[in-house]
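In: Give me coordinates for this.
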Amino acid sequence: MKSKLNITEFRNRLKENTKIGRAELQLSLGIFSIFCLSSKSFYGTFDDSSFRLTENYNFTSGLYLLKGKYQNINNKVKLNYTIEPMSKIGMIWLKYFPFVAIIGFNSFFFFNFKNAPNDIYIVFNLFFAFIIFHSRWNIKRKKKNLEQKFIEIFEIENIDK
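Out: Here you go, the predicted model:
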């Protein structure tokens, strides 16, 4: 990939749009973060040839880490980056916990309330089906939003074009 920016503009945009800190250790203060809102789009670290960024959320921590290297070639910035899950265990938890919960709740209702009406099963199963679809959709959306924001701010274009 390459950026339309020169190396100085690229580094200036990194400075302007990044709150400095270790992206892996970004902690959210939840409701208390309203008192220390940040206008910066990214949270992470960078140096003269590499960067490690995540989205700068006020209420939650980022799910993905955007890391890469950049270099100056013919007064244009050439970069290679990847988007990885912040925590592989956390990502597995987000993807598969709703399945564990649906089995657990159905087992709980089946063994403890043998004469329970079917409406209870239907309501809980529909709720967990919604949670499963929403969690999968939200994970994909956050990854896509991180990449789109990065591409937009740093004016990234594909080399093949």
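In: what secondary structure does the residue in the chain sticking out farthest from the centre sit in?
Out: In the chain, the greatest distance from the average C-alpha position (C-alpha atoms, centre = their mean) is reached by Asn115, at 43.4 Å. The three-state assignment at Asn115 reads coil, by DSSP: H, G, I helix; E, B strand; the rest coil.
In: what's the spacing between it and Ser107?
Out: Note on Asn115: its distance to Ser107, by C-beta to C-beta, to the nearest Å, is 16 Å. (C-beta placed from N, C-alpha, C; glycine too.)
In: Could you give me the buried positions within the strand or helix carrying Lys142?
Out: Using DSSP states H and E, Lys142 sits in helix 118-154. Of the residues in helix 118-154, Phe124, Phe128, Ile132, Ile139, Lys142, Lys143, Leu146, Lys149, Phe150, Ile153, Phe154 count as buried by neighbour count, 16 or more other C-beta atoms under 10 Å.
In: Neighbouring strands - and their directions - for the host helix or strand of Tyr81?
Out: Using DSSP H and E, Tyr81 falls within strand 76-85. With DSSP bridges as the test, strand 76-85 is paired with strand 2-3 (antiparallel), strand 64-73 (antiparallel).
In: Turn those strands into TSV, columns for distance to Leu53.
Out: Formatted as TSV, the strands paired with strand 76-85 follow (distance: least, C-beta to C-beta, whole Å):
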stretch	distance to Leu53
strand 2-3	14
strand 64-73	5
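In: Alright, calling it a day.
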